[in-house]
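K.L.:
Here is my input; please provide its structure:
(one chain, ligands or ions: 3)
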Amino acid sequence: MIRIDGQPILDAAQMRAAEAQTIAAGTGAEALMARAGEQVAEQVRRLTAGAEVLVLCGPGNNGGDGYVAAAALRRAGHAARIAACASPTTAAASAARAAWMGPVEELGNAAPAPIVVDALFGIGLNRPLGAEICEPLRHLIGNARLSIAVDVPSGVSTDDGSSFAEVPAVDLTLALAAVKPAHVLQPSAARCGDIRLLDIGVEVSGPVRVASAPQLRPPSARDHKYSRGLVAVVAGRMPGAAALAATGAGRGGAGYVRLLGSATDRLPHAIVRQRFSAEALADERVGAVVIGPGLGRDDKARERLDLARASERPMVIDGDALHLLGEAPARVPTILTPHAGEFARLFGDLNGSKIERAIAAARRANAVVVFKGADTVIAAPDGRAIVHAHAPAWLATAGTGDVLAGVIGAQLAGGADVFTAAANGVWLHAEAARRAGPAFIADDLAAHLPAALGACL
Ligand SMILES: NC(=O)C1=CN([C@@H]2O[C@H](COP(=O)(O)OP(=O)(O)OC[C@H]3O[C@@H](n4cnc5c(N)ncnc54)[C@H](O)[C@@H]3O)[C@@H](O)[C@H]2O)[C@@H](O)CC1
Ligand SMILES: Nc1ncnc2c1ncn2[C@@H]1O[C@H](COP(=O)(O)OP(=O)(O)O)[C@@H](O)[C@H]1O
Ligand SMILES: [K+]
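P.N.:
Ligands and ions are numbered 1, 2, ... in the order given. The predicted model follows:
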């Protein structure tokens with residue numbers, strides 16, 4: 001059982017291609033199913049201390065995994081029952097069912113058990129589930145002490161994380177061979193409970209991954225404040241937002257933060273206030289310009305954005321500045337940090353999953369796009385993407401996005417490339433939120449950044 005941090009994310013077609021390669025290399029479909037089912041059984045056995053297990057089996061290979069798991073549990077002396085919604089339709093699943101010596105109950109008539117294993121549908125589910133399946137599934141999960149999904153919870157759409165059915169969340173999902181978009185994209189990610197990966201010997205790789213903790217470099221004896229990174233935060237109509245970004249940059253590891261434009265009174269003394277001017281931006285030591293938080297959307301804001309872009313410094317473009325952005329692709333290293341509303345305004349015509357849309361947006365903008373939310377996707381024009389799916393929902397409070405823009409700015413000014421800077425910033429921001437606990441406000445968040453950063457050294 002493997003943690004999913006840093007693991008590749010494969011959609012159903014990519015998963016099938018990887019599986020086909022393994023089969024072509026000599027491992028039969030039944031052997032793969034045997035590995036999957038036996039590993040599921042092993043995890044269930046470890047977690048359930050002998051309590052009765054009810055395995056729900058569907059018609060495809062997900063159901064096949066379920067038959068194998070139930071048989072393995074029985075062989076190990078564990079009390080296991082099976083309930084099915086249909087007969088097997090694949091050769092491997094038929095063989096697995098034939099090897100099960102016990103009775104197979106009707107899904108609709110099955111009595112609850114303390115442990116439920118959902119092996120009804122996996123990556124093959126491609127249309128809404130009927131009530132004859134949803135209702136018993138809801139009832140059985142709702143009455144179990146522990147529910148475990150095989151590969152993905154039944155009722156979610158593997159490739160985009162949408163829901164085909166309203167069934168409750170399970171406690172644990174055992175992903176087979178690879179993480180799928182449904183494990184990390186909402187709303188289905190919230191249905192998965194804890195997620196662990198089972199290695200069944202299928203080789204997987206790809207440009208889309210689950211976020212993992214960055215390995216950051218502490219300053220060395222050779223460093224000075226400029227080498228650690230100078231961030232210029234452009235202020236505007238709402239100075240509080242720029243102050244949050246500047247604080248995020250300072251506590252996110254920058255060596256020097258300048259706030260260009262009007263500042264609030266409560267700005268930390270370490271943040272240097274300066275009048276906004278083209279000259280202030282032209283300072284060659286500026287490693288990143290953060291613009292957008294509280295900028296406003298008037299002519300003055302537009303002028304500041306134009307000057308910032310003309311400075312040709314690496315940029316983090318957030319909030320109001322995203323509203324002022326034209327369609328021209330970026331010419332300097334740029335990170336855009338839209339939330340769903342800003343993304344829709346900028347890239348509303350794109351189709352596909354949140355991951356696919358973020359990658360397409362990054363290509364169009366020639367910039368790294370941080371498509372924020374409970375399932376933040378960080379995408380690069382070359383097709384790489386990282387999905388951060390476990391940020392605390394307490395982040396849904398005003399101003400946290402401003403702090404994020406600052407943290408990303410600090411990483412960029414510190415020398416990380418745009419993709420790494422964005423991914424590091426998102427990780428540190430989420431980790432700071434975890435340390436901040438419940439009901440923090442954006443001002444509190446920055447105070448937890450140093451400890452979050454310290455955990456990544
Ligand atoms: N990826 C891999 O390398 C491996 C995958 N295996 C398993 O195979 C699964 C995929 O198997 P399948 O492709 O057979 O697909 P599934 O078992 O996910 O489901 C497909 C079956 O469900 C039916 N179905 C789809 N939507 C339905 C609906 N709304 N209502 C009623 N029936 C519906 C289909 O007609 C088909 O019979 C994976 O999720 C995993 O559990 C394992 O057996 C071993 C190896
Ligand atoms: N439900 C949620 N779970 C986890 N993180 C969230 C959730 N909602 C918002 N966030 C995060 O909180 C931040 C909010 O940013 P944003 O929407 O720009 O707010 P603001 O403009 O008020 O600063 C983003 O980093 C986003 O990913
Ligand atoms: K399942």
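
K.L.:
So the closest residue to Met1 other than its chain neighbours, which state does it fall into?
P.N.:
Nearest non-adjacent residue to Met1, counting by Cβ to Cβ, 6 or more residues apart in numbering: Arg196, 4.4 Å away. Just so you know, the C-beta spots here come from the backbone N, C-alpha and C atoms, and that holds for glycine as well. Using DSSP: H, G, I helix; E, B strand; the rest coil, the structure places Arg196 in strand.

K.L.:
In contact with the spatially most distant residue from the centre of the chain, which residues?
P.N.:
Centroid-distance maximum for the chain: Met101 at 41.2 Å, with Cα atoms, centre = their mean. By Cβ atoms under 8 Å, 6 or more residues apart in numbering, the residues touching Met101 are Ala71, Arg74.

K.L.:
can you pull out the strands in the stretch 1-150 of the chain?
P.N.:
53-57, 80-84, 104-106, 115-119, 146-150 (DSSP state E, counting those that start in this stretch).

K.L.:
Please tabulate the ones you listed in JSON lines and include mean neighbour count as additional columns.
P.N.:
What follows is the strands of the stretch 1-150 of the chain, written out as JSON lines (neighbours: other Cβ atoms under 10 Å):
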{"stretch": "strand 53-57", "mean neighbour count": "29"}
{"stretch": "strand 80-84", "mean neighbour count": "23"}
{"stretch": "strand 104-106", "mean neighbour count": "14"}
{"stretch": "strand 115-119", "mean neighbour count": "28"}
{"stretch": "strand 146-150", "mean neighbour count": "27"}
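
K.L.:
Just put those strands in JSON lines and tack on distance to Ile408 and mean pLDDT.
P.N.:
Output for the strands of the stretch 1-150 of the chain, formatted as JSON lines (distance: least, Cβ to Cβ, whole Å; pLDDT from 0 to 100):
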{"stretch": "strand 53-57", "distance to Ile408": "44", "mean pLDDT": "98"}
{"stretch": "strand 80-84", "distance to Ile408": "49", "mean pLDDT": "98"}
{"stretch": "strand 104-106", "distance to Ile408": "53", "mean pLDDT": "98"}
{"stretch": "strand 115-119", "distance to Ile408": "38", "mean pLDDT": "98"}
{"stretch": "strand 146-150", "distance to Ile408": "34", "mean pLDDT": "98"}
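
K.L.:
Turn these into CSV, columns for distance to Val289.
P.N.:
Below are the strands of the stretch 1-150 of the chain laid out as CSV (distance: least, Cβ to Cβ, whole Å):
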stretch, distance to Val289
strand 53-57, 54
strand 80-84, 60
strand 104-106, 64
strand 115-119, 49
strand 146-150, 45
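
K.L.:
what's the average pLDDT for stretch 318-329?
P.N.:
The average pLDDT for stretch 318-329 rounds to 93.

K.L.:
Report the distance from that stretch to the chain centre.
P.N.:
24 Å (Cα atoms, centre = their mean, to the nearest Å).

K.L.:
For that stretch, C-alpha coordinates in PDB please.
P.N.:
C-alpha atoms of stretch 318-329 as PDB (Å, rounded to 0.1, in the frame of the first residue of the first chain):
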ATOM      1  CA  ASP A 318      -3.400  37.200  -9.800                       C
ATOM      2  CA  GLY A 319      -6.800  38.600  -9.000                       C
ATOM      3  CA  ASP A 320      -7.700  41.900 -10.700                       C
ATOM      4  CA  ALA A 321      -4.700  41.700 -13.000                       C
ATOM      5  CA  LEU A 322      -6.300  38.600 -14.500                       C
ATOM      6  CA  HIS A 323      -9.300  40.700 -15.500                       C
ATOM      7  CA  LEU A 324      -7.100  43.200 -17.300                       C
ATOM      8  CA  LEU A 325      -5.100  40.600 -19.100                       C
ATOM      9  CA  GLY A 326      -5.400  40.500 -22.900                       C
ATOM     10  CA  GLU A 327      -5.200  37.300 -25.000                       C
ATOM     11  CA  ALA A 328      -1.500  37.700 -26.000                       C
ATOM     12  CA  PRO A 329       0.600  34.800 -24.800                       C
END
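
K.L.:
Contacts for that stretch next, please.
P.N.:
So stretch 318-329 is contacted by 236-237, 241, 245, 290-297, 301-302, 305, 317, 336-338, 342, 345-346, 364-367, 401-402, 404-405 (Cβ under 8 Å, 6+ apart).

K.L.:
Buried members of these into ChimeraX, please.
P.N.:
Selecting the buried subset of the contacts of stretch 318-329 in ChimeraX, with 16 or more other Cβ atoms under 10 Å as the burial test, is done by:
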select :236,237,241,245,290,291,292,293,294,295,296,301,302,305,317,336,337,338,342,346,364,365,367,401,402,404,405
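
K.L.:
tell me which parts of the stretch 251-400 of the chain are close to ligand 2?
P.N.:
Residues of the stretch 251-400 of the chain found near ligand 2 (Cβ under 6 Å from any ligand atom) are 319, 339, 372-374, 376, 391, 393, 395-396, 398-400.

K.L.:
and the residue lying closest to Ala29 once chain neighbours are set aside, what is it in contact with?
P.N.:
Distances taken as Cβ to Cβ, 6+ apart put Ala92 closest to Ala29, at 4.6 Å, once the chain neighbours are dropped. Residues near Ala92 by Cβ under 8 Å, 6+ apart: Ala29, Glu30, Met33, Asn61, Gly64.

K.L.:
Tell me the one of those residues nearest ligand 3?
P.N.:
Asn61 (10.7 Å; Cβ to the ion).

K.L.:
what about that closest one, distance to Ala344?
P.N.:
As for Asn61, its distance to Ala344 is 37 Å (criterion: Cβ to Cβ, to the nearest Å).

K.L.:
Just want to know which of those two has more residues nearby.
P.N.:
Ranked by neighbour count (other Cβ atoms under 10 Å), Asn61 and Ala344 place Asn61 first, with 27 against 13.

K.L.:
how much space between that one and Met15?
P.N.:
In terms of Cβ to Cβ, Asn61 sits 11 Å off from Met15.

K.L.:
for Lys354, phi and psi?
P.N.:
Backbone geometry at Lys354, expressed as degrees, to the nearest 10, gives phi -60, psi -40.

K.L.:
is it true that His183 touches Ala189?
P.N.:
Yes. The pair His183 / Ala189 is scored as a contact, 6.1 Å apart, by Cβ atoms under 8 Å.

K.L.:
shared neighbours of these two, anything?
P.N.:
In contact with both His183 and Ala189: Ala389, using Cβ under 8 Å, 6+ apart.

K.L.:
So for those two, which residue has more residues nearby?
P.N.:
Ranked by neighbour count (other Cβ under 10 Å), His183 and Ala189 place His183 first, with 27 against 22.

K.L.:
Could you measure from the more buried one over to ligand 2?
P.N.:
16 Å (Cβ to the nearest ligand atom, to the nearest Å).

K.L.:
Just the element for that residue, please.
P.N.:
Counting by DSSP states H and E, the element that carries His183 is helix 181-184.

K.L.:
Isn't Thr400 up against His429?
P.N.:
Yes. Counting by Cβ under 8 Å, Thr400 does reach His429; the two are 7.4 Å apart.
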